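S.K.: Structure, please.
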Amino acid sequence: MKIIEVKDRNQPLMEQLLKVWESSVKATHLFLSEDEIENIKKYVPQALKEIPYLIITENEDKIPVGFMGIVEQHLEMLFISHEERGKGLGKELLKYGIEEYSVNDLAVNEQNPLAKGFYEHMGFEVYKRTERDEQGDPYPLLYMRLV
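M.R.: Numbers count the residues shown, from 1 in each chain. As a prediction, this is how the structure comes out:
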């Protein structure tokens with residue numbers, strides 16, 4: 001597995017990362033309808049372009065299979081393609097983020113218990129809960145920090 005900070009956010013890469021995002025979300029965000037996923041998907045390319053630090057992991061064929069985005073010390077996003085889940089890629093990416101970027105804070109959907117459990121396993125604990133997500137939709141968020 002190779003971890004790379006992406007500087008050149010070209011169109012082919014953005015398209016590959018959008019596929020990773022969609023694959024991951026459909027497998028883990030079971031509380032979202034197809035329409036909601038399609039609606040959110042429209043905003044993902046812009047978010048990928050604007051995030052200060054975009055770090056990807058590639059498979060042996062140099063195809064991106066996971067990525068994370070970091071703002072200051074906050075993990076803004078972490079997605080692993082469905083086919084690659086359970087292989088330790090998320091753990092390696094998050095460890096890299098903690099070691100190289102001092103990541104110590106994140107928010108996770110309460111309705112995504114696998115992600116919450118993963119972050120707890122990685123040393124994070126919940127310190128705050130909101131009823132709605134950052135877009136104002138009725139999806140409670142759990143704010144977690146590294147302990």
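S.K.: From now on I want contacts and neighbour counts done on CA atoms only, so please keep to that.
M.R.: Noted.
S.K.: As a check, name the ranges of all helices in the chain.
M.R.: Taking DSSP state H to define them, one finds helices in the chain at 11-28, 34-41, 44-50, 89-101, 113-121.
S.K.: Distance from the chain centre to the second one, please.
M.R.: Here helix 34-41 is found 16 Å from its chain centre; the criterion is Cα atoms, centre = their mean, to the nearest Å.
S.K.: Kindly provide the distance from the most far-flung residue of the chain relative to its centre to L32.
M.R.: Distance from the C-alpha centroid of the chain peaks at D61, with 21.7 Å (Cα atoms, centre = their mean). Noted for D61: a distance of 31 Å to L32, by Cα to Cα, to the nearest Å.
S.K.: next one: I70
M.R.: Counting by Cα to Cα, the gap from I70 to L32 is 24 Å.
S.K.: Would you mind telling me which of these two has more residues around it?
M.R.: Set I70 next to L32 and count neighbours by other Cα atoms under 10 Å: I70 wins out with 21 against 15.
S.K.: residue closest to the middle of the chain?
M.R.: What sits nearest the mean C-alpha location of the chain, by Cα atoms, centre = their mean, is L78, with 1.7 Å.
S.K.: residues contacting it?
M.R.: Neighbour list for L78: G66, F67, M68, G69, G90 [criterion: Cα atoms under 8 Å, 6 or more residues apart in numbering].
S.K.: What is the neighbour count of W21?
M.R.: Residues near W21, counting by other Cα under 10 Å: 22.
S.K.: surely it meets M77?
M.R.: No - with contact defined as Cα atoms under 8 Å, W21 and M77 do not form a contacting pair (9.7 Å).
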